[in-house]
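Trainee: sharing a sequence plus its predicted fold:
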Amino acid sequence: MTKIRPSPPITHLDALVIGAGFSGLYQLHCLRDRLGVSVKVVEAAPDLGGTWYWNRYPGARCDSESHSYCYFFSKELLEEWRWSERYPEPPEILRYLNHVADKFDLRRDIRFNSRVTAAHYDENRWHVLTESGERYRVRYLITAVGCLSSANVPRIPGLESFAGRCYHTGQWPRESVDFHDKRVAQIGTGSTGIQMAPVIAQTAGHLTVFQRHAQYSVPARNAPLAEEFLRYVREHHGEIREVVRSTPNGHPFRIAERKAFDVDEAERQAIYEAAWEKGGLQFRAIFQDLLVDKAANDTAAEFIRNKIRQIVKDPETAAKLANIDHPYAAKRPPIDTDYFETFNRRNVALVDVRATPIERIVPDGIRTREGDYPLDIIVFATGFDAMTGPLLRLNITGRNGLPLAKAWEAGPRNYLGLQVAGFPNLFTITGPGSPSVLCNMPVAIEQHVEWITNCIAHMRDQGVARIEPRPEAVDAWVEQVNEAANATLLPQATHSWYLGANVPGKPRVFMPYAGGMAHYRQICANVAAKGYEGFALRR
């Protein structure tokens with residue numbers, strides 16, 4: 001006789017948070033320790049860290065400067081943590097997040113190895129199921145799954161036949177991968193590929209980089225942080241916090257007020273040279289109009305193309321790397337350590353897959369239109385099903401049986417990037433329609449978490465049971481997101497993952513809000529101050 005296993009008991013909570021990265025940890029702290037609500041975090045990984053748990057590929061680094069890539073809510077936390085490098089690696093970021101978790105005793109309310117497989121709304125509660133069979137019944141469901149957490153593995157014919165080993169940068173194994181004397185292919189040259197190629201090339205027998213779209217990149221100039229700088233950071237946390245919260249991209253520097261043609265050619269070139277030597281994302285902030293004026297942008301684009309031609313010794317390879325078909329910073333602007341220099345190595349080759357498409361993967365390598373490339377390892381640096389992918393994979397169903405996938409079949413539609421019509425009490429931290437990926441992420445995360453926390457506090461104080469956006473507010477916000485994007489050069493990069501163009505069949509919609517983090521912060525504050533204007537609140 002077959003024994004019928006009883007269903008696991010249902011855990012009843014005020015709130016459930018999905019994800020234990022920067023967003024989930026802070027949301028847990030705010031809800032539990034500030035509001036006193038019953039809350040748990042479920043996390044698919046065996047440990048905390050979110051993006052930084054999974055992204056441990058060779059060369060991985062944060063591209064925000066470390067002294068700004070942190071929480072600003074705690075003065076004590078700011079004073080006691082010491083970063084070692086300008087751009088930290090995943091292990092250091094994980095040490096930081098573990099320090100935060102220990103300091104605020106967060107682990108006791110996090111359930112690891114707990115992947116959400118479905119969530120549906122019924123009888124004024126969210127019912128959530130995990131892969132291991134855990135069941136939760138909660139009033140508030142908060143997604144903290146990140147914008148770049150659903151790996152995008154291209155469906156290349158024959159992939160399953162490859163006799164060697166395959167890896168995706170977003171699903172990197174915990175054990176180290178040995179490239180020594182191996183024939184390696186890297187498919188993809190976005191931010192991740194640009195970080196990774198120089199490191200693989202150091203030990204690989206041969207590295208072939210398959211490039212679909214050439215990229216701009218500026219040197220990171222990473223280095224250990226000097227004691228003098230660390231002292232400055234410790235003594236000026238308030239000023240740094242003010243800068244990151246009042247600038248469009250949440251970085252610790254302000255955008256210059258001058259425009260590209262306010263200076264003559266000689267001075268403009270000198271400014272670019274100085275910014276190139278300094279390195280980092282501040283390069284795009286040296287002129288005010290680089291992302292709104294194509295002629296101004298062309299001056300930056302041509303400067304970087306000339307740098308590529310100067311660095312790369314082989315003219316044919318240099319021409320492929322400099323054949324960039326979009327404005328500078330219209331796609332995510334990478335920063336690198338010796339990326340272009342890597343193509344001067346004898347053991348590195350570049351294949352332009354627009355000119356020479358990949359036809360299929362065969363057991364011993366990759367076949368293009370012009371021939372075969374024998375390989376031992378294939379690395380996919382092909383990015384993610386960004387912004388919407390992590391949310392859609394949760395299989396969320398709202399009121400009246402409406403699947404989120406159906407609500408978003410023509411692209412994401414929400415209000416402020418925070419809530420979706422038809423999905424009461426569902427909050428999406430850094431969701432599409434918010435600045436998110438156009439911003440230094442912890443700055444965007446803190447703003448969203450604090451807004452959500454204040455919203456829930458307001459609901460409890462006022463006896464409000466449900467909140468969701470009104471359809472007309474969603475329509476108006478989607479229009480505002482489009483207007484903000486169209487006021488910039490960002491949509492001109494038609495193959496950008498900002499538009500979902502890297503995932504076949506995904507709707508081409510510009511997903512993040514491009515109006516700037518500081519302006520967005522004020523919009524959200526005004527909405528709350530007007531009694532959550534645009535939302536339907538029901539008692």
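Mentor: Ah, there it is.
Trainee: please identify the buried residues of stretch 71-83?
Mentor: Y71, F72, F73, L77, L78, W81, W83 (16 or more other Cβ atoms under 10 Å). Just so you know, the C-beta spots here come from the backbone N, C-alpha and C atoms, and that holds for glycine as well.
Trainee: low-scoring pLDDT stretches of the stretch 151-300 of the chain, where are they?
Mentor: Low-confidence regions of the stretch 151-300 of the chain, defined here as pLDDT under 70, cover residues 151.
Trainee: any idea of the mean pLDDT for the biggest helix by length in the chain?
Mentor: Scanning the chain for the helix with the most residues, using DSSP state H, yields helix 441-462. Helix 441-462 comes out with an average pLDDT of 96.
Trainee: picking up where we left off before, would you turn the buried residues of stretch 71-83 into a markdown table with pLDDT and distance to V100?
Mentor: Putting those into a markdown table (pLDDT from 0 to 100; distance: Cβ to Cβ, whole Å) gives the following:
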| residue | pLDDT | distance to V100 |
| --- | --- | --- |
| Y71 | 97 | 7 |
| F72 | 96 | 12 |
| F73 | 96 | 10 |
| L77 | 95 | 7 |
| L78 | 94 | 11 |
| W81 | 95 | 9 |
| W83 | 97 | 14 |
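Trainee: from the residues you listed, pick the one nearest K530.
Mentor: Distance from K530 was checked for each of these by Cβ to Cβ. The minimum falls on F73, at 24.9 Å.
Trainee: tell me the contacts of that closest one?
Mentor: If a contact means Cβ atoms under 8 Å, 6 or more residues apart in numbering, then F73 has Y26, E446, E450 as its contacts.
Trainee: hang on, the earlier thing: farthest pair in the buried residues of stretch 71-83?
Mentor: Comparing every pair within the buried residues of stretch 71-83 by Cβ to Cβ identifies F73 and W83 as the most remote, at 17.3 Å.
Trainee: circling back to that earlier point, tell me what the longest helix of the chain is packed against?
Mentor: If contacts are counted by 3 or more Cβ pairs under 8 Å, 6 or more residues apart in numbering; DSSP states H and E, helix 441-462 sits against helix 22-29, helix 237-246, helix 517-529.
Trainee: of the buried residues of stretch 71-83, which is the nearest to Y520?
Mentor: F72 (16.8 Å).
Trainee: from T169, how far off is the closest residue to the closest one other than its chain neighbours?
Mentor: Among residues not flanking F72 along the chain, R241 sits closest, at 4.6 Å (Cβ to Cβ, 6 or more residues apart in numbering). With the distance defined as Cβ to Cβ, to the nearest Å, R241 ends up 32 Å from T169.
Trainee: quick one, which of these two is more surrounded?
Mentor: T169 (27 against 18; other Cβ atoms under 10 Å).
Trainee: and that one, what are its phi and psi?
Mentor: Taking degrees, to the nearest 10, you get phi -60, psi -30 for the backbone angles of T169.
Trainee: burial measure for H120, as a count.
Mentor: 17.
Trainee: enumerate every residue touching the residue lying closest to it once chain neighbours are set aside.
Mentor: For H120, the nearest residue in space outside its immediate sequence neighbours is T397; the separation is 4.0 Å by Cβ to Cβ, 6+ apart. By Cβ under 8 Å, 6+ apart, T397 lies in contact with A118, A119, H120, Y121, P403, L404.
Trainee: try it again with 10 Å
Mentor: With Cβ atoms under 10 Å, 6 or more residues apart in numbering as the criterion, the residues that contact T397 are 118-122, 126-127, 403-407, 422-423.
Trainee: got a quick PyMOL command for the buried subset of those?
Mentor: Buried subset of the contacts of T397, written as a PyMOL selection, criterion 16+ other Cβ under 10 Å:
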select buried, resi 119+120+121+126+127+404+407+422+423
